[in-house]
Structure formats: C-alpha cells, structure tokens
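Visitor: quick one: sequence plus predicted model below, questions after.
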Amino acid sequence: MTVLVLVEHAENRPDRLSLEALSVAASLGEPGEALVIGRWSTELAGGLAGRGIGAVHVVDDPRLAEFAPVAWAASLAQLAAERSAAIVIAAGSDRGNEVMAHIGARLDLPMAANVTEILGGEPLRLVRQRWAGSLLEESTLDAPTKLLTIAPHAVAVPEAAAGAAPAVAMFAPQLSDADLAVAVARRLEPDLSGVSLADARVVVGGGRGVGSPEGFADLEELAGLLGAAVGVSRVVTSQGWRPHTMQIGQTGMRIAPDLYIACGISGAIQHIVGARAAKRILAINTDPEAPIMAVADYAVIGDLHQVVPAISAEVRRVTGR
C-alpha cells in the first residue's frame with residue numbers, strides 16, 4: 001500500500017504541520033512517499049530523514065516557484081496515479097486543504113478533513129475532529145484513493161529516528177495553462193521582528209478586556225520578559241486594535257505553546273479551538289464564570305492591568321532583569 005504525503009516547506013525546512021502529517025503516515029507501519037514542490041536542498045533532505053519516508057518526489061518547476069493551488073493539485077494527482085497511491089495525505093493548512101479539495105473535484109473523490117488518527121481497514125476507518133474540534137468522530141472513507149488532511153496541532157511530532165535521508169527522484173507533471181491561471185503573484189511579509197506566533201513556546205493573548213490599543217503595553221512588556229509572542233482574540237482585530245495576523249482562533253492562527261496566558265479573553269469556542277493545543281493555559285479575567293475558565297489549568301480572578309504588571313515585576317525580580 002503506497003501512502004503519499006504532500007510536504008510543505010519554507011527556508012529549507014519541512015513545515016511543522018507537514019511533519020504532523022508525516023507522523024500520521026508513519027503510524028501505518030510502512031515507509032511512505034512524499035511530494036515536495038519547489039527547489040530541493042540538502043537541508044530539506046536532512047529535515048525529512050528518520051520521518052518514515054522511503055522516497056521523495058520533487059517537482060522543481062520554475063512555474064511553481066510560488067504557490068499555485070490547481071497546479072499543485074494536478075501534480076499531486078498525477079503522482080498519486082503513477083504511484084498507485086492508496087492514501088494521499090496533506091497537512092490541514094490553508095494550502096493543504098485547498099490542494100486536496102481540488103484533487104477531490106478533479107477525480108470525483110471524497111475528502112476527509114481534520115483527521116487525527118487512521119485506524120485502518122477497508123473502508124478506511126478514521127478519527128477526525130468535528131464542530132470546531134469540540135468532539136471526535138469515528139468515520140469511514142470509502143474510495144479507491146483516500147484523500148485526507150490532518151487536523152493542525154492534534155498530532156504529536158516525535159523526534160526523528162536515526163537513519164539516512166530518503167531517496168530522491170525528480171517528477172515532471174504535465175501542466176496546462178489553465179492549471180497555472182491562479183498563482184501567488186507577490187508576498188507582503190509580516191513584521192518578523194518579534195517571536196513567531198506559530199512557533200512560540202509562550203504566548204500572551206489579549207482580548208476585549210485589554211480595553212484599548214494602548215492597553216496592550218502591559219502584555220507586550222510581559223511577552224518581552226518571557227521571550228513570548230503576543231496574540232489576540234477576534235474582537236481585538238474587529239476593533240482594529242491589532243492586525244488579523246495576530247488572531248488566535250478558528251479563523252486565525254492555531255497555536256501549540258508550552259504556556260498560553262490569556263488576558264481579558266472570555267473564551268468563545270472559536271478562540272478555544274485555536275488555543276486547545278497549548279500544554280498549559282493561564283487565564284486572567286475579572287469574570288470567574290468566563291468560558292475560558294473551564295479549559296484553563298490556572299486562573300487569576302482580577303484586573304489584568306494589575307495582575308500582568310505584578311507578574312512582570314516578579315519575573316524581573318527572579319531573573320534580575
């Protein structure tokens with residue numbers, strides 16, 4: 001049984017969500033195969049070593065230097081046909097879901113999204129998240145080629161096993177002008193001067209309770225002391241206090257830090273979905289009945305503009321900063 005995984009990458013490293021997809025593929029117990037679109041490098045090869053991949057197929061086509069969803073889907077569909085893939089997996093990222101949806105439309109195949117576990121069998125038994133991650137559903141996927149995406153941050157990524165980098169083969173898909181009609185034209189890079197919200201080990205989040213754009217000064221001070229990233233709830237972006245790139249939630253970023261400090265955030269289900277992968281949650285809120293208290297590991301009932309500076313002061317005392 002051939003299992004094929006689409007691997008997204010940036011700066012010569014596999015994307016974290018793609019490593020999660022590879023982890024699910026490896027759980028099936030057989031060496032899988034991967035598709036990488038873009039320039040191949042020794043650094044990227046090293047990042048895939050020990051990830052349960054026996055072979056990597058590389059599409060190094062200058063026309064695909066930027067993301068082109070239909071062309072990516074055509075490439076993956078053609079490779080899946082050539083390799084007689086029984087299962088095709090992608091990360092549950094914006095790109096992964098879009099590419100797999102295009103493949104499903106092209107090949108008239110169903111697609112299962114937000115998968116957390118593959119149980120096996122025929123039809124293929126799966127566990128996947130439903131209702132914004134609030135419940136798990138066991139379902140079956142009955143198709144000649146199974147298409148699925150992995151729920152973000154729902155699967156652990158183990159340390160890479162010892163072993164050589166996988167074998168590499170170049171793959172040249174047949175692409176039409178229509179396949180290339182939609183592509184990324186240019187990029188507007190966000191401000192990367194601070195800690196990345198996606199990779200931060202500590203995140204300090206602010207919601208409506210922060211009160212104003214100026215109220216984030218206390219949160220930013222604490223984040224600076226902890227080497228943390230600052231995130232926000234949807235209402236903050238709706239008010240225009242902070243950009244959408246900082247939003248945590250179902251329609252924003254999904255985070256998985258060691259610690260999430262939620263300040264003045266009530267905890268609507270859409271926000272909880274984005275933060276549920278945090279190992280620990282500390283909630284600071286004046287309302288002891290706020291929904292976020294039900295998922296928090298620790299809670300401080302009080303005014304965040306008094307509590308957060310007090311935490312910062314204690315951090316300074318302990319660290320001598």
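Guide: Sure, I can see it. Since the model is a prediction, treat every value here as computed from it, not as a measurement.

Visitor: only C-alpha atoms for contact and neighbour calcs from this point on.
Guide: Fine.

Visitor: list the contacts of A228.
Guide: V195, A200, R201, V202, V203, V204, L222 (C-alpha atoms under 8 Å, 6 or more residues apart in numbering).

Visitor: if we use 7 Å, what do you get?
Guide: Listed by C-alpha atoms under 7 Å, 6 or more residues apart in numbering, the contact set of A228 reads V195, A200, R201, V202, V203, V204.

Visitor: of those residues, which is the most crowded?
Guide: Within these, neighbour counts (other C-alpha atoms under 10 Å) peak at V203, which reaches 31 neighbours.

Visitor: next up, the contacts around D60.
Guide: Neighbouring residues of D60 by C-alpha under 7 Å, 6+ apart: I37, G38, R39.

Visitor: which one of the contacts of A228 is nearest to I103?
Guide: Nearest to I103 among the contacts of A228, counting by C-alpha to C-alpha, is A200 at 33.0 Å.

Visitor: I'd assumed G227 was in contact with that closest one.
Guide: No - the pair A200 / G227 is not scored as a contact, 8.3 Å apart, by C-alpha atoms under 7 Å.

Visitor: hang on, the earlier thing: the contacts of D60, buried ones only, as a ChimeraX selection?
Guide: Buried residues among the contacts of D60 (16 or more other C-alpha atoms under 10 Å), as a ChimeraX selection:
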select :37,38
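
Visitor: can you tell me which residues contact V318?
Guide: With contacts taken as C-alpha under 7 Å, 6+ apart, V318 has no neighbouring residues.

Visitor: quick one: pLDDT of it?
Guide: On pLDDT, V318 comes in at 92.

Visitor: okay, now the unreliable bits of the chain?
Guide: Scanning the chain for pLDDT under 70 picks out 132, 189-194.

Visitor: narrow the contacts of D60 to those in helices?
Guide: Among the contacts of D60, no member falls in helices (criterion: DSSP state H).

Visitor: pick the one among the contacts of D60 closest to I281.
Guide: Nearest to I281 among the contacts of D60, with distances taken as C-alpha to C-alpha, is I37, at 36.9 Å.

Visitor: doesn't I87 belong to a strand?
Guide: Yes - checked against DSSP: H, G, I helix; E, B strand; the rest coil, I87 lies within a strand.

Visitor: state which strand of this protein is the longest.
Guide: Ranked by number of residues, the top strand in the chain under DSSP state E is strand 111-120.

Visitor: quick one: the helices in the stretch 201-321 of the chain?
Guide: Assigned by DSSP state H, counting those that start in this stretch, the stretch 201-321 of the chain shows helices spanning 216-226, 234-238, 269-275, 304-319.
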